[in-house]
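Q: Quick one, structure for this:
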Amino acid sequence: MRKLFDNVEEEESRIDITPMLDVVFILLIFFIVTATFIKEAGIEVNRPDAATAEVQEKANILIAITANDDVWINRRKVDIRQVRPNIERLHAENPQGTVVIQADSDSRNEMLVKVMDASRSAGVYNIAIAANN
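A: Reported below is the predicted structural model:
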């Protein structure tokens, strides 16, 4: 008789954590799906100030131009001749997006024009230049 009660007490003392793990995994999946990921060009630039600056909602192709006229796309330094193929590839991934160029205030206009031309030759005509408010 004693052995029968020992088995019952043993079963009652166990805690089933399976439902708790299910809830934790569901919450994890929820936070991953609803998280907003911020895209960055890969380098910090000193953008010029502009009184009429507007926020771009669908900016998915971010290009940064440093003060030394280096071009950065997706945290990679890119040669100016490779800007067009990169924009074509990124635009194919998200055709509704726009190109946002973050040009440093000390960069040359010539490099900005080259990047804009590369964007237009890649078929993207919705181009914005980033500035501070």
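
Q: Where does pLDDT dip in this structure?
A: 1-12, 36-59, 132-133 (pLDDT under 70).

Q: same thing but at 80, please
A: 1-15, 34-60, 97, 130-133 (pLDDT under 80).

Q: what comes up buried for the lengthiest helix in it?
A: For the chain, the longest helix by residue count, based on DSSP state H, is helix 18-34. Residues of helix 18-34 include none that count as buried (16 or more other CB atoms under 10 Å). Quick note: C-beta positions are derived from backbone N, CA and C, even for glycine.

Q: so what secondary structure elements neighbour the next helix or strand after it?
A: Sequence order places strand 59-65 as the next helix or strand after helix 18-34, per DSSP states H and E. The helices and strands touching strand 59-65, judged by 3 or more CB pairs under 8 Å, 6 or more residues apart in numbering; DSSP states H and E, are strand 71-73, helix 83-93, strand 98-103, helix 109-121.

Q: of these, which approaches L21 most closely?
A: helix 83-93 (35.1 Å; CB to CB).

Q: My understanding was that A64 contacts N74; is that so?
A: No - the pair A64 / N74 is not scored as a contact, 10.1 Å apart, by CB atoms under 8 Å.

Q: Of these two, which one has the most company?
A: A64 (26 against 15; other CB atoms under 10 Å).

Q: Provide the partner residues of the more buried one in its beta bridges.
A: Beta bridges link A64 to W72, Q102, judged by DSSP bridges.

Q: Which of the three states applies to D16?
A: coil (DSSP: H, G, I helix; E, B strand; the rest coil).
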